[in-house]
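Peer 1: When you get a sec, could you give me coordinates for this:
(one chain, ligands or ions: 3)
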Amino acid sequence: MNIAAKTNVLNLSEEEFVYPGNRACSGCGLSILYRIGLKALGRDCIFVVPPSCLTVMQGLYPIAASQMPILNGTFASTAAIATGVRAAMKRLGKKTQVVAWAGDGGTADIGIQALSGALERNEDIIYICYDNEAYMNTGVQRSGTTPQGGLTTTTPYTGKKEQGKNMPDIVAAHNPAYIATCSASYPLDFHDKLIKAKEISGLKYIHIQTPCPPGWGCEEQMTVKIGKAAIDCGLFDLFEIENGKKQLSEPSKKLLKKEKLDSVRHYLSMQTRFKALSEEQIVVMQERIDKKWDGYRQEFGAG
Ligand SMILES: Cc1ncc(C[n+]2csc(CCOP(=O)(O)OP(=O)(O)O)c2C)c(N)n1
Ligand code: SF4
Ligand SMILES: [Mg+2]
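Peer 2: Ligands and ions are numbered 1, 2, ... in the order given. Coordinates of the predicted model:
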């Protein structure tokens with residue numbers, strides 16, 4: 001299935017499931033994907049969401065911004081709650097999609113054990129992690145996915161020392177039914193990956209990079225450009241893994257044809273959170289990306 005060609009702005013559903021006006025910051029990468037993602041999921045779904053910017057954006061009943069039922073749980077239990085809700089739906093003979101939608105803190109750190117259990121049991125749920133690479137809702141504290149060298153309010157002034165966790169790789173080690181990565185800069189790619197995920201039984205994991213202007217230190221109008229720059233320099237890759245087979249999605253796949261990718265330096269320079277990076281750290285980062293893409297060229301050829 002060529003997901004890149006499927007939905008476009010002309011045939012995208014006009015039905016809206018998010019009311020105009022919500023409490024996300026302007027330029028929030030998550031808010032772009034949330035609106036488009038709900039169009040793909042449709043009305044027959046129940047969300048399970050831990051504390052995060054998404055809960056703030058969704059708002060509280062009766063003035064919630066979303067029209068779907070949402071269950072707010074505790075940080076540690078998102079995938080466990082989703083498991084229970086899905087079991088209840090099954091018992092009632094309903095096909096209702098159960099969608100766990102959590103941040104990187106709620107996924108890579110605090111919720112990882114419940115997610116690992118649900119992955120092991122191959123629960124029939126969609127699990128979406130939106131990765132803004134820190135605990136943003138509570139004031140930009142570092143998370144497991146904060147990149148090495150990135151500044152947050154809880155990293156040393158020289159930036160985070162450790163490398164960020166690679167959640168798609170951690171999930172892939174559980175061998176689930178479907179894994180995809182997405183970006184706020186390509187909402188229709190996310191839309192079509194969700195449409196696909198809905199048709200697959202078992203656990204579907206979707207990891208999305210969502211730039212966050214206040215947390216990343218950029219102007220709000222730069223969100224889409226920064227997300228694209230992350231892909232164009234080969235740092236964040238869009239792909240799908242189905243039955244263990246990895247396939248690059250079009251925005252990343254087209255890079256296989258390029259002799260040289262954009263430099264990571266350009267992506268880093270667009271955000272103040274990387275201002276503490278030393279020249280040596282940038283060189284190491286570039287070398288890691290180049291090595292990864294040498295591997296991709298061997299694995300996938302010229303696309
Ligand atoms: C057990 C627990 N610890 C801490 C908090 C406070 N808290 C609420 S949201 C949040 C940040 C969540 O980060 P992430 O999952 O990355 O989502 P984001 O805020 O970035 O959207 C924290 C620490 C909490 N609600 N529960
Ligand atoms: S802090 Fe970041 S992730 Fe949270 S609502 Fe604002 S832009 Fe979005
Ligand atoms: Mg976060």
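
Peer 1: Return the set of residues that bridge with the closest residue to ligand 3 within the stretch 1-150 of the chain.
Peer 2: When you check the stretch 1-150 of the chain against ligand 3 by C-beta to the ion, the closest residue turns out to be Gly103, at 3.7 Å. No exception for glycine: its C-beta is placed from N, CA and C like everyone else's. On the basis of DSSP bridges, Gly103 takes part in beta bridges with Tyr130.

Peer 1: Could you tell me whether Phe236 really is in a helix?
Peer 2: No: assigned with DSSP: H, G, I helix; E, B strand; the rest coil, Phe236 falls outside any helix and is coil.

Peer 1: Could you report the neighbour count for it?
Peer 2: Neighbour count for Phe236, taken as other C-beta atoms under 10 Å: 23.

Peer 1: so what's it up against?
Peer 2: Listed by C-beta atoms under 8 Å, 6 or more residues apart in numbering, the contact partners of Phe236 are Thr181, Ser183, Gln209, Gly227, Ala230.

Peer 1: What residues does this protein have near ligand 2?
Peer 2: Ala24, Cys25, Cys28, Leu30, Cys53, Asn132, Met136, Asn137, Cys212, Pro213, Pro214, Gly215 (C-beta under 6 Å from any ligand atom).

Peer 1: Show the buried residues in those residues.
Peer 2: Buried subset of the residues of the chain next to ligand 2 (neighbour count, 16 or more other C-beta atoms under 10 Å): Ala24, Cys25, Cys28, Leu30, Cys53, Asn132, Met136, Asn137, Cys212, Pro213, Gly215.

Peer 1: Show me the strands in the stretch 101-250 of the chain, by range?
Peer 2: With strands called from DSSP state E, counting those that start in this stretch, the stretch 101-250 of the chain shows them at 126-131, 178-183, 204-209, 239-242, 245-248.

Peer 1: can you put these in TSV and add distance to Ser66, mean pLDDT and mean neighbour count?
Peer 2: Below are the strands of the stretch 101-250 of the chain laid out as TSV (distance: least, C-beta to C-beta, whole Å; pLDDT from 0 to 100; neighbours: other C-beta atoms under 10 Å):
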stretch	distance to Ser66	mean pLDDT	mean neighbour count
strand 126-131	14	98	27
strand 178-183	19	98	26
strand 204-209	17	98	26
strand 239-242	26	98	18
strand 245-248	31	97	14
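
Peer 1: Which of these sits closest to Ile63?
Peer 2: Nearest of those to Ile63, taken as C-beta to C-beta: strand 126-131 at 22.5 Å.

Peer 1: Please see if that closest one touches ligand 1.
Peer 2: No: shown here: strand 126-131 not in contact with ligand 1 (C-beta under 6 Å from any ligand atom), separated by at least 6.9 Å.

Peer 1: How about stretch 173-185?
Peer 2: No: shown here: stretch 173-185 not in contact with ligand 1 (C-beta under 6 Å from any ligand atom), separated by at least 12.8 Å.

Peer 1: Relative to the whole chain's centre, how far out is that stretch?
Peer 2: What separates the centre of stretch 173-185 from the centre of its chain is 9 Å, taken as C-alpha atoms, centre = their mean, to the nearest Å.

Peer 1: so how far is the first residue of it from its last?
Peer 2: 27 Å (C-alpha to C-alpha, to the nearest Å).

Peer 1: And ligand 3, is that stretch touching that?
Peer 2: No: residues of stretch 173-185 are not located near ligand 3 by C-beta under 5 Å from the ion, the shortest gap being 13.0 Å.

Peer 1: and Leu255, that's in a strand?
Peer 2: No: Leu255 is assigned helix when assessed by three-state DSSP, not a strand.
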